[in-house]
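A.B. asks: need a 3D model of the sequence below.
(one chain, ligands or ions: 1)
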Amino acid sequence: MFDFDVIIAGGGPGGSSTANFLRQKKRSVLVLERARFPRFHIGESMLPFSNDIWRELGVFEKMNERYIHKPGAKFIHEESGAEFTYYFDSAISPGRPYAFQVKRAEFDQMLLEHAESLGAEVRQESKVERVDFNPDGVIVHVSAGDKKYSVTAPMFVDATGRDAMMGVERNLKEPDGMVTTNAAVHCMYQNIDRSTGADEGNILIGLFNGGWWWLIPFNDGDTSVGMVFEKNFTKINRGASSKEMMDKALEGLPHLKHLMRDAVPVLPVGAQGNWSYRCKQFYGDRMLMVGDAAAFVDPLFSTGVLFAIHGAKFAAEHIDRALTSGNFAAAEFANYQTQCQSGMDLFKGLVHEFYSESLRNVLMASAVNPTMCAVITSLLAGDVYRPALWQGVVRKKGFSQLIDMKSIPGVKSSRQTKAPAAPQK
Ligand SMILES: Cc1cc2nc3c(=O)[nH]c(=O)nc-3n(C[C@H](O)[C@H](O)[C@H](O)COP(=O)(O)OP(=O)(O)OC[C@H]3O[C@@H](n4cnc5c(N)ncnc54)[C@H](O)[C@@H]3O)c2cc1C
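C.D. replies: Presented below is the predicted three-dimensional model:
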């Protein structure tokens, strides 16, 4: 009766992982991707608690061989020069001592090809133009070059990233008013003065009045550098090019300027905007939104892909159940949103405290409070989905309150004082 069980718009990590999980459940899947891969994409730093999902998707071993290991996150305060590194092997739940730094062009292609190897049909340069939701199924209208055609399925997944196709069409997107940044500029360089030895793969995050910056190292010697600006900076510099904004900001960032003193760009400077929003509803009749199409918390803690692939897993479970029962009513998917939001909300709280200033001090003050350090490390590692005592305490008290606490029951105080063993390449 239908061409496929499920049609997915978007072949990023959200779309390809949903396809992968559905193929593991023997469902027939079509992925329609507007671009031709490999294509550049922002979002290169992964989190350790994604490793469990990479294993379930069957790509962990490949990633382990291919990508530089990220054993921690180093925070640098530009104004004071203070530094602090959170090492993931100090997280409350052990066993995930590193994550990966990936160039998304080839990484997203690897994930999509892997889903294809499991039997998903992938059509690139195929844009979903419109979806008709009928009581007995969906009709997806596609344009591929000069060709226009339609395909049918009982179920549609919107994984179109920050384009948020269904969220925009149904007017469901709500911006997060407590986030004070709204633009990022970024570029890829050779010859950045990077950390060496065991710390080589760490992400560096610089905090400054007016925003923050990231530095993400890759195996091939390239380094991604980006700056995220407060709305005020973006407003004052309206009309300036991305490169002009980057150059201007760099003048006030002595630490980053020093690291970039011999930098040679290998890509043009790019820009991103339109983040920190959530759709009021992540689902509808015969439809689920996965990844950025549903919500985007903030780039600050590198959580986007973690949310997208966990959402993909939850989505595949719901869709599989609906395909078995034949019930595709929106109400059947309500718990999907609850599952996704349980992880997002912890980070949302963290992000709000960061932008209201208090967390910036806490991030740098962790050194004096081992309990605080263990909690922050666990959050930075992405341990946000499993219900646990420490998460309950964080949800109730807020992060900044933790600094005065001696200990949280059940949380082992363990502050990392030296770098873990050298990561393998
Ligand atoms: C400044 C910044 C920094 C970030 N840094 C990080 C980081 O360090 N770590 C991290 O994990 N995340 C980071 N992110 C977030 C990360 O980029 C996203 O969360 C992640 O890519 C989400 O995956 P996705 O599959 O939902 O969407 P995407 O990766 O955006 O994939 C969506 C796909 O859908 C396709 N598409 C769109 N419309 C259509 C259509 N109509 N038809 C067919 N295809 C379509 C697009 O071509 C695209 O390939 C960052 C984001 C920003 C803005």
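A.B. asks: what residues does this protein have near the ligand?
C.D. replies: Within reach of the ligand by C-beta under 6 Å from any ligand atom, the chain has these residues: 9-15, 32-35, 41-45, 127-128, 159-161, 163, 165, 184, 226, 272, 275, 291-293, 299, 302, 304-306, 308. The way it works is simple: take the backbone N, C-alpha and C, and place the C-beta from them, glycine included.
A.B. asks: now, those that are in helices?
C.D. replies: P13, G14, G15, M165, G304, V305, L306, A308 (DSSP state H).
A.B. asks: ok, of these, which one's closest to M110?
C.D. replies: Nearest to M110, judged by C-beta to C-beta, of those is P13 at 10.4 Å.
A.B. asks: surely the closest one and F307 touch.
C.D. replies: No - in this structure, P13 is not within contact of F307 by C-beta atoms under 8 Å, at 9.7 Å.
A.B. asks: comparing those two, which residue is more hemmed in?
C.D. replies: The residue with more neighbours, out of P13 and F307, is P13; 33 against 28, by other C-beta atoms under 10 Å.
A.B. asks: all strands for the stretch 201-350 of the chain, in order.
C.D. replies: Taking DSSP state E, counting those that start in this stretch as the criterion, the stretch 201-350 of the chain carries its strands at 203-208, 211-217, 223-230, 264-265, 270-273, 277-279, 283-284, 287-289, 295-296.
A.B. asks: possible to save these as a markdown table with mean neighbour count and mean pLDDT?
C.D. replies: Below are the strands of the stretch 201-350 of the chain laid out as a markdown table (neighbours: other C-beta atoms under 10 Å; pLDDT from 0 to 100):
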| stretch | mean neighbour count | mean pLDDT |
| --- | --- | --- |
| strand 203-208 | 22 | 94 |
| strand 211-217 | 24 | 96 |
| strand 223-230 | 23 | 96 |
| strand 264-265 | 12 | 98 |
| strand 270-273 | 15 | 94 |
| strand 277-279 | 21 | 97 |
| strand 283-284 | 21 | 98 |
| strand 287-289 | 27 | 98 |
| strand 295-296 | 24 | 97 |
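A.B. asks: hmm, back to that, shared neighbours of P13 and F307, anything?
C.D. replies: G291 (C-beta atoms under 8 Å, 6 or more residues apart in numbering).
A.B. asks: pretty sure V140 sits against Y149.
C.D. replies: No - look at V140 against Y149 with C-beta under 8 Å: they stay out of range, at 9.5 Å.
A.B. asks: which of these two has more neighbours?
C.D. replies: It is V140, of V140 and Y149, that has more neighbours when counted by other C-beta under 10 Å, with 23 against 10.
A.B. asks: any idea which helix or strand comes after the helix or strand of the chain with the lowest mean pLDDT?
C.D. replies: Within the chain, no helix or strand scores below helix 358-365, which has a mean of 68 by mean pLDDT, DSSP states H and E. Next helix or strand after helix 358-365 toward the C-terminus (DSSP states H and E): helix 370-381.
A.B. asks: pull the CA atoms of the next helix or strand after that next one into CSV?
C.D. replies: Where DSSP H and E defines the elements, the next helix or strand beyond helix 370-381 is helix 389-397. Only the C-alpha atoms of helix 389-397 are listed here, as CSV (Å, rounded to 0.1, in the frame of the first residue of the first chain):
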residue,chain,number,x,y,z
LEU,A,389,20.2,11.1,42.6
TRP,A,390,22.7,13.8,41.6
GLN,A,391,20.5,14.9,38.7
GLY,A,392,17.6,15.3,41.1
VAL,A,393,19.7,17.6,43.4
VAL,A,394,20.8,19.7,40.4
ARG,A,395,17.3,20.0,39.1
LYS,A,396,16.0,21.2,42.5
LYS,A,397,18.8,23.5,43.6
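A.B. asks: list the buried residues of helix 389-397.
C.D. replies: W390, Q391, V393, V394 (16 or more other C-beta atoms under 10 Å).
A.B. asks: now do it: which elements does it pack against?
C.D. replies: Packing contacts for helix 389-397, counted by 3 or more C-beta pairs under 8 Å, 6 or more residues apart in numbering; DSSP states H and E, involve helix 334-355, helix 370-381.
A.B. asks: name the nearest residue to L215, sequence neighbours excluded.
C.D. replies: The shortest distance from L215 to any non-neighbouring residue, by C-beta to C-beta, 6 or more residues apart in numbering, is to L204 (4.0 Å).
A.B. asks: picking that back up, would you turn the strands of the stretch 201-350 of the chain into a markdown table with distance to G343?
C.D. replies: Shown next, in a markdown table, are the strands of the stretch 201-350 of the chain (distance: least, C-beta to C-beta, whole Å):
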| stretch | distance to G343 |
| --- | --- |
| strand 203-208 | 20 |
| strand 211-217 | 21 |
| strand 223-230 | 22 |
| strand 264-265 | 35 |
| strand 270-273 | 22 |
| strand 277-279 | 13 |
| strand 283-284 | 17 |
| strand 287-289 | 15 |
| strand 295-296 | 11 |
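A.B. asks: so what's the residue nearest to L215 bridging to?
C.D. replies: For L204, the beta-bridge assignment (DSSP bridges) gives partners K74, L215.
A.B. asks: can you show me the helices along the stretch 51-200 of the chain?
C.D. replies: In the stretch 51-200 of the chain, the helices defined using DSSP state H, counting those that start in this stretch lie at 51-57, 60-66, 104-117, 165-169.
A.B. asks: what helices or strands is the longest strand seen in the chain leaning on?
C.D. replies: Criterion DSSP state E: the longest strand present in the chain is strand 181-190. If you count contacts as 3+ C-beta pairs under 8 Å, 6+ apart, strand 181-190 packs onto strand 223-230, helix 231-236, helix 242-251, strand 264-265, strand 270-273.
A.B. asks: tilt between that strand and strand 223-230?
C.D. replies: Interaxial angle of strand 181-190 relative to strand 223-230 (axes from the mean of the first three to the mean of the last three C-alpha atoms, to 10 degrees): 160 degrees.
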